[in-house]
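In: Here is the input, now give the coordinates:
(2 chains)
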Amino acid sequence: MQAIHVARRFGVFLLIVWLAATLNFFLPRLSGQDPVRTKLLAQAALGGYVQTGIEDMIKVYDQRFGLDKPLWRQYVTYLADVSRFDFNYSIANYPRTVNEMIAEAIPWTVGLLGVTTLVSFGLGTFLGALLAWPRAPRWMAWLMPPLWALHAIPFFLLGLILTYVLAFQLDLLPIFGGYSPGAMPALTLEFGLDILSHAMLPALSIVLVSTGGWALGMRGMMVTTMGEDYVTFAEAKGLKSATVFLRYCVRNAILPQVTALALALGQILSGAVLVEVIFGYPGIGALLFQAIRENDHFLIQGIVFTVIVALGLATFVLDVLYPLMDPRITYRRS
Amino acid sequence: MLDLIRYVARNRSLLAGAALLLALLLFVVLGHFVVDVDHARALSVRPLRPPSWEYPFGTDRQGRDLLAVMVAGTPLTLRIGFVAGLLGVGVGTVLAFVAAYYRGITDTIIRGIADIGLTVPGLLVLIIIAVSIKGSLSVNQMAMVVASLAWLYPTRTIRAQVLSLRERGYVEIARMSGVSGPGIIFTELMPNMLPYLAATLVNAVSAAILASIGLEVLGLGPIDSPTLGMTLYWVNFNAAMINGWWWWWTAPTVVIVMVFLGLFFLTVGLDELANPRLRRSV
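Out: Numbering: from 1, shown residues only, chains lettered A, B, ... in the order given. Okay, here's the model as predicted:
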């Protein structure tokens, strides 16, 4: 039974991948644009640096896409290319491939988002649980209003404010980029600290905003859970306060939080894209911004596709792992 | 009327949200009398003046009076959010009722699409759509682009709400009395859903504004319009932060924070109205 569920869930994942690829293929064509030609002609008109590459590029594109072939052949070829994660050359940065550029940016984004999401989810869930707990310290109640207010603000706006205060006025942290200009990327403590200090501001703006959201959600779930009979029973049995809190309340209230996490990944990523743009952080978001500025359709499509697949995979994994957290779910048909 | 006032006085969140948004509205309306809105265009005033009596919010590098930009741009951004949110909730409501009331294969398909659509990062799909459209977008096109995904979340939440409502006793009685499907939807379910729909609408407007500002900051917005997001795009474009032109980003930031806080408190207040059980427990 378990296997069937996993297989079905994987089917949904494949469906998402196929939809993303199809969207990528047809949307630009619906508008009647020919991004390759347009871009190449624009570049040629500039008479700039890619002059020498143009003929090569057109040849490659013609072969790759078979632009003379009927649309459905192009579509099939495109799907085949995409399934191998082959997104062709970057239009604006020839002869670099889209793949190379994405591969360079991904570690930055995964690092930033992975850490901030885990920290804010953990911290927010813990705070939220305590906020609902009657025996929590009194001063905790004061945390609510600021958490609420911060939660309503977009990541990147808080980023702007933090930058001004912490980086511009107080000069505590670097304003821009992923590491100091001129610093040699190497596995040294110095470079590590440099990266860390550059990541602080973007990370802080994401954590401060999203912690409030998780706290709000967890608090709501805790309030409901604490009204359950089994909690009253556990207290009546005289169990230790900590046991009731952790094993009875939090253990149950945390389940919907995990579902919410799977659903929120897309939103978090959308927000993080803008944070990277504001801070010039060298991840996927900043690369996307650069691609939009340079009208680099292949790079844009490659990034969007990669991100959708990555998030689809993350959701799939969370979904498959969910029964481990909630033993009541066995995916047996009732 | 008195009841309403008494209720609003008790529902602090509703009060705070409404007050913030009314203040913004007042600012925009009064602003149109005080400021020459044409100064929201580039090259109309002296560039890069810090706030002064003449230009209370300062001016930007391209010669826009930032007060005029705020007065002209705030309603534009709100309009994008409102149009997209309204379309999203409208389409979402219809789909949700169809799915939840008729169940079966229709429900499976609608729910499937909404569920899958929600796991995809919306901003990225919007980027692909915006990039695919030729030329620069107008404010209304912007609203349409944002609306193209705005129905997903309302569909999902309203469907869940309808599913719980349709099992209630009064719906059962209506059904047994021979009221038709649409009849039950419009006379029994809709009226009870109104506060909930209002909360969903405010939520959708807020999400739409967030999405539109996101697209604009990336440079995919209406280039000639002084919306709040475009102002931030120019801030970023000219590196105003590093150059110390603090007034340039202060004004849009304050207005955007007010918009989001106002909408957020409004949702919380409306949730409380829609779901009286929250009143006791929180």
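In: In this structure residue B:221 contacts residue B:227, no?
Out: Yes: using CB atoms under 8 Å, residue B:221 makes contact with residue B:227 at a distance of 6.3 Å. Where C-beta positions appear, they are placed from N, C-alpha and C, glycine not excepted.
In: what do those two both touch?
Out: residue B:212 (CB atoms under 8 Å, 6 or more residues apart in numbering or on different chains).
In: In chain B, what helix or strand scores lowest on average pLDDT?
Out: Least confident helix or strand of chain B, by mean pLDDT, DSSP states H and E, is helix B:277-281 with a mean of 53.
In: what's around the closest residue to chain B within the stretch 101-250 of chain A, how many residues?
Out: Nearest to chain B in the stretch 101-250 of chain A, going by CB to the nearest CB, is residue A:152, at a distance of 3.7 Å. When counting by other CB atoms under 10 Å in any protein chain shown, one arrives at 21 neighbours for residue A:152.
In: now it, nearest residue through space, not along the chain?
Out: Nearest residue to residue A:152 in three dimensions, chain neighbours excluded: residue B:264, at 3.7 Å (CB to CB, 6 or more residues apart in numbering or on different chains).
In: List the residues that contact that neighbour.
Out: For residue B:264, the contact set (CB under 8 Å, 6+ apart) comprises A:148, A:151-152, B:17, B:206.
In: quick one: the helices in the stretch 201-334 of chain A?
Out: Remark: helices assigned in the stretch 201-334 of chain A by DSSP state H, counting those that start in this stretch are A:229-236, A:241-243, A:251-279, A:284-293, A:297-325.
In: can you check the stretch 1-150 of chain A too?
Out: For the stretch 1-150 of chain A, the helices defined by DSSP H, counting those that start in this stretch cover A:2-30, A:35-46, A:54-65, A:71-83, A:98-132, A:144-151.
In: do you know which of those lies nearest residue B:43?
Out: Ranking the helices of the stretch 1-150 of chain A by their distance to residue B:43 (criterion: CB to CB) puts helix A:35-46 first, at 25.9 Å.
In: tally of neighbours for residue A:138?
Out: 6.
In: Distance of it relative to residue A:131?
Out: 12 Å (CB to CB, to the nearest Å).
In: do the same with residue B:129
Out: Taking CB to CB as the measure, residue B:129 falls 40 Å from residue A:131.
In: For stretch A:253-267, list every residue counted as buried.
Out: A:253-258, A:261-267 (16 or more other CB atoms under 10 Å in any protein chain shown).
In: wait, does it make contact with chain B?
Out: Yes: with CB under 8 Å from any CB of the partner chain as the criterion, chain B is reached by stretch A:253-267 at A:262-263, A:265-267.
In: Run the chain-centre distance for that stretch.
Out: Mean C-alpha position of stretch A:253-267 versus that of the full chain (CA atoms, centre = their mean, to the nearest Å) differs by 13 Å.
In: Same check on stretch A:271-286?
Out: Averaging C-alpha positions (CA atoms, centre = their mean) puts stretch A:271-286 11 Å from its chain's average.
In: quick one on the thing from earlier: give me the pLDDT for the residue of the stretch 101-250 of chain A closest to chain B.
Out: Residue A:152 carries a pLDDT score of 85 in this model.
In: what's the answer for residue A:171, then?
Out: For residue A:171, the model assigns a pLDDT of 82.
In: and it, that's in a helix?
Out: No: assigned with DSSP: H, G, I helix; E, B strand; the rest coil, residue A:171 falls outside any helix and is coil.
In: so which strand or helix has the residue nearest to residue B:203 when sequence neighbours are not counted?
Out: Leaving out its chain neighbours, the residue that sits closest to residue B:203 by CB to CB, 6+ apart is residue B:267, at 5.3 Å. Assignment of secondary structure by DSSP states H and E places residue B:267 within helix B:246-274.
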